[in-house]
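Asker: this is the structure alone, sequence omitted:
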């Protein structure tokens with residue numbers, strides 16, 4: 001990993017996330033959402049524990065003081081986001097999921113301006129509007145009448161809720177001061193998520209791990225849950241938060257490229273138009289603030 005540049009680390013993270021979108025879609029009908037969510041985080045927790053046990057013990061006092069915040073972070077980023085994504089995969093496509101997830105940088109910027117006192121520029125407002133048009137065009141497949149004709153997929157709404165949950169995960173990470181190293185903090189979040197998912201798994205139709213579902217579970221548990229966060233944090237440290245967030249815009253493109261050969265999904269004109277509008281809005285919204293915007297901001 002030390003040989004990879006921050007930009008390559010960011011691209012590797014996007015590739016893993018795109019692969020996880022494919023895995024999420026492929027898991028529909030193969031393994032119950034509650035089962036893959038629980039197995040995924042349980043395996044990640046078990047694999048991570050031997051490597052971070054000493055650090056977790058050394059920083060236990062800070063972790064106990066910040067337990068409520070760590071619990072909320074685990075709920076938003078690992079329970080709500082991932083569980084809804086697995087449920088959404090039943091009724092929407094991987095391409096749709098990839099484009100909707102690409103809204104996350106812009107939503108984070110908007111939420112950050114409201115809840116974390118971060119600057120919201122005119123460009124971000126314009127970008128939000130354009131992106132919402134793109135999302136509307138995508139989920140209605142270019143025909144607004146489907147909203148009244150039953151054409152809107154429940155999964156599209158669920159993935160939007162999941163994206164909002166993960167947006168607040170990112171905002172709260174910046175807002176809350178948690179003086180823990182990266183891996184112990186991640187360990188506590190995974191631990192809380194696993195505890196919450198346990199009763200949900202027991203109350204659901206439990207799916208055993210089979211030869212078909214095992215590769216899906218392992219990809220979600222190891223590269224997505226452990227390797228991707230590590231690469232992403234290194235990328236952010238090297239590039240900065242803003243430039244790193246721009247790489248999320250390539251996620252739907254990677255998902256589309258992977259979904260066509262791996263899932264047999266087809267690309268349609270509404271994917272290109274809606275996805276293009278969404279990504280254009282995100283790019284506009286993430287433009288640096290101009291001098292007059294900064295001067296116009298209230299002190």
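Answerer: Cool, the structure landed. Predicted model only: the values in this text are computed from it and were never measured.
Asker: centre of the chain to stretch 267-287, how far?
Answerer: 18 Å (Cα atoms, centre = their mean, to the nearest Å).
Asker: what comes up buried for that stretch?
Answerer: By 16 or more other Cβ atoms under 10 Å, the buried positions in stretch 267-287 come out as 270-271, 274-275, 277-287. Just so you know, the C-beta spots here come from the backbone N, C-alpha and C atoms, and that holds for glycine as well.
Asker: ditto for stretch 209-227
Answerer: Buried, per 16+ other Cβ under 10 Å, within stretch 209-227: 213, 216-226.
Asker: strands - which of the residues you listed land there?
Answerer: Per DSSP state E, strands hold no members of those.
Asker: ok, those vs residue 134, which is closest?
Answerer: Lowest distance from residue 134 to the buried residues of stretch 209-227 (Cβ to Cβ) belongs to residue 224, with 25.8 Å.
Asker: for that closest one, what are its contacts?
Answerer: Contacts for residue 224 (Cβ atoms under 8 Å, 6 or more residues apart in numbering) come out as 16-17, 19-20, 23, 40.
Asker: quick check, nearest of the residues you listed to residue 99?
Answerer: Taking Cβ to Cβ as the measure, residue 99 lies nearest residue 17 of the contacts of residue 224, at 13.1 Å.
Asker: work out for me the element the closest one sits within.
Answerer: Following DSSP states H and E, the helix or strand that holds residue 17 is helix 6-27.
Asker: so for the helix or strand following that helix, mean pLDDT?
Answerer: Counting by DSSP H and E, the next helix or strand C-terminal to helix 6-27 is helix 33-58. The predicted model assigns helix 33-58 a mean pLDDT of 95.
Asker: list the buried ones in helix 33-58?
Answerer: Result for helix 33-58 [16+ other Cβ under 10 Å]: buried residues 33-45, 48, 52, 55-56.
Asker: so for the protein, the centremost residue is which one?
Answerer: In the chain, the centroid-proximal residue (Cα atoms, centre = their mean) is residue 166; its distance is 5.9 Å.
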